[in-house]
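1. how would this look folded up:
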Amino acid sequence: MSKYARKSINKLSAYVPGEQPRPGEKIIKLNTNENPYPPAPGVQKALCTFNPEVLRKYPQPLADTFRLEASNIFQIDPDQIITGNGSDEIIAMIFRTFVGPGDTVAWPIPTYSYYPCQAQMQEAKVVELPFDENFDLPEKLEKINARVFFIANPNAPSGTLIPPARIETFAKKIKGLVVVDEAYADFAQSNCLDLAKRLPNLLVMRTLSKSYSLAGLRFGFAFASKQIITDLLKVKDSYNCDAISIHLATQAIRDQKYLKANVEKIIAQRNWLTAQLRSLNFTVQDSQTNFIWAVVPKKQNAKLIYQQLKSDGILVRYFDKRGLSNGLRISIGKPAENRKLIENLKRIIPQ
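-> Modelled structure (predicted):
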């Protein structure tokens with residue numbers, strides 16, 4: 001590290017993304033919750049026919065083409081939508097806008113490990129409270145005097161869902177901003193979009209990385225009151241979404257039929273993989289996402305299983321953290337990939 005960085009940055013442990021295979025490496029990749037199916041046909045066509053002349057000029061500052069399309073699809077005022085270079089950028093905007101040095105932020109754990117990184121950058125005080133045994137919000141959370149509460153829903157890495165009614169009750173009891181991170185909402189039975197339309201202190205984030213098969217595009221968006229969006233626009237980078245991503249993101253959300261068909265296939269494989277893992281004595285949470293959280297059988301070592309799978313050419317996610325080190329997070333792949341995973345686990349784990 002250099003002598004020029006702020007003290008909070010020198011102390012910061014950077015976020016560690018999921019492992020990416022080297023170019024050309026043959027890997028079954030089930031570790032970063034990407035969609036196993038390609039983007040919508042309209043996205044592929046739009047990419048192939050994109051006019052390079054457009055790149056000579058700056059893109060739309062507010063991604064208006066996307067916001068108007070999203071407004072129509074999600075039935076919300078376009079002025080209640082903001083876009084970002086992935087939902088991670090929107091998280092960063094939220095911290096820069098609403099959290100200053102010494103301010104308190106809070107969330108239930110385990111959760112998305114990017115939140116603490118942003119909190120440390122802002123020199124914020126972090127309060128983390130464990131989920132209860134049913135992965136419901138901890139009762140003590142509403143007693144925290146926080147500027148912002150982050151709730152990943154469905155949660156990562158557990159894959160569990162908190163009902164919108166429970167989140168609404170929570171939001172009405174507290175004074176701070178409630179951020180509901182819905183990266184996996186399209187795979188769930190319910191979502192909190194309606195709450196973002198009605199509650200003045202609630203923001204819902206979405207991404208195109210998971211259900212829309214566009215993790216490589218880096219495009220996220222959020223819904224909130226016009227007042228919250230106006231605040232966020234003050235700290236947004238001038239042209240934070242490029243012209244190609246705006247164009248392709250717009251094409252992606254237009255094809256809701258393709259989205260739903262892919263989601264149905266992934267849910268079917270999620271159900272199959274859950275049953276298979278349980279038959280191997282894994283403890284598996286009922287998931288509302290495109291991944292599964294699987295606690296390994298007794299007397300088995302999750303890290304060793306992860307390492308053995310990796311040597312076999314299968315990547316899953318292992319977290320060397322307290323409370324998570326006995327499990328594996330497994331993304332839902334195509335049927336053949338999921339079958340290969342189960343075949344290898346049967347070989348690794350004595351029956």
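
2. Put the alpha carbons of stretch 145-160 into CSV.
-> This file holds the C-alpha atoms of stretch 145-160, laid out as CSV (Å, rounded to 0.1, in the frame of the first residue of the first chain):
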residue,chain,number,x,y,z
ASN,A,145,-30.6,3.8,15.1
ALA,A,146,-29.1,3.4,11.6
ARG,A,147,-29.0,5.8,8.7
VAL,A,148,-29.3,2.9,6.2
PHE,A,149,-30.4,-0.8,6.6
PHE,A,150,-29.4,-3.3,3.9
ILE,A,151,-31.5,-6.4,3.4
ALA,A,152,-30.5,-8.8,0.7
ASN,A,153,-33.8,-10.4,-0.3
PRO,A,154,-33.7,-13.2,-1.4
ASN,A,155,-30.6,-13.5,0.8
ALA,A,156,-27.1,-14.5,-0.2
PRO,A,157,-25.7,-16.9,0.6
SER,A,158,-28.7,-18.7,2.3
GLY,A,159,-31.1,-18.3,-0.7
THR,A,160,-34.0,-17.6,1.7
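
3. buried stuff in that stretch?
-> Judged by neighbour count using 16 or more other C-beta atoms under 10 Å, the buried positions of stretch 145-160 are 146-160. Using the backbone N, CA and C atoms, a C-beta is placed for each residue, glycine as well.

4. Same question for stretch 35-53.
-> Judged by neighbour count using 16+ other C-beta under 10 Å, the buried positions of stretch 35-53 are Asn35, Pro36, Pro39, Ala40, Val43, Ala46.

5. Leu341 reaches Leu328, doesn't it?
-> No. Using C-beta atoms under 8 Å, Leu341 makes no contact with Leu328, being 10.2 Å away.

6. any idea how far the longest helix along the chain is from the chain center?
-> For the chain, the longest helix by residue count, based on DSSP state H, is helix 256-279. Chain-centre distance of helix 256-279: 18 Å, with C-alpha atoms, centre = their mean, to the nearest Å.

7. Please name the strands paired to the helix or strand that comes right after that helix in the sheet, noting orientation.
-> Once the chain leaves helix 256-279, the next helix or strand it forms, by DSSP states H and E, is strand 283-284. Under the criterion DSSP bridges, strand 283-284 sits next to strand 291-295 (antiparallel) in its sheet.

8. Show residues contacting the strand it pairs with.
-> Contact with strand 291-295 is made by 33, 156-159, 184, 270, 273-274, 277, 282-285, 287, 302, 326-332, as judged by C-beta atoms under 8 Å, 6 or more residues apart in numbering.

9. Could I have the PyMOL command that selects the buried members from those?
-> Command for PyMOL that selects the buried part of the contacts of strand 291-295, burial taken from 16+ other C-beta under 10 Å:
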select buried, resi 33+156+157+158+159+184+270+273+274+277+282+284+285+287+302+326+327+328+329+330+331+332
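
10. ok, back up a step: please flag which of the buried residues of stretch 145-160 sit within strands.
-> Using DSSP state E, Val148, Phe149, Phe150, Ile151, Ala152 are the members of these that sit in strands.

11. Return the residues in contact with the closest residue to the last one other than its chain neighbours.
-> Translated: Ala152. Take Ala152 and drop its neighbours on the chain: the residue closest to it by C-beta to C-beta, 6 or more residues apart in numbering is Asp181, 4.4 Å away. Contact analysis of Asp181 by C-beta under 8 Å, 6+ apart lists Ser87, Ile91, Tyr112, Phe150, Ile151, Ala152, Asn153, Met205.

12. quick one: the third one is in a strand?
-> Just to be clear, that refers to Tyr112. No. Going by DSSP: H, G, I helix; E, B strand; the rest coil, the assignment for Tyr112 is coil, not a strand.
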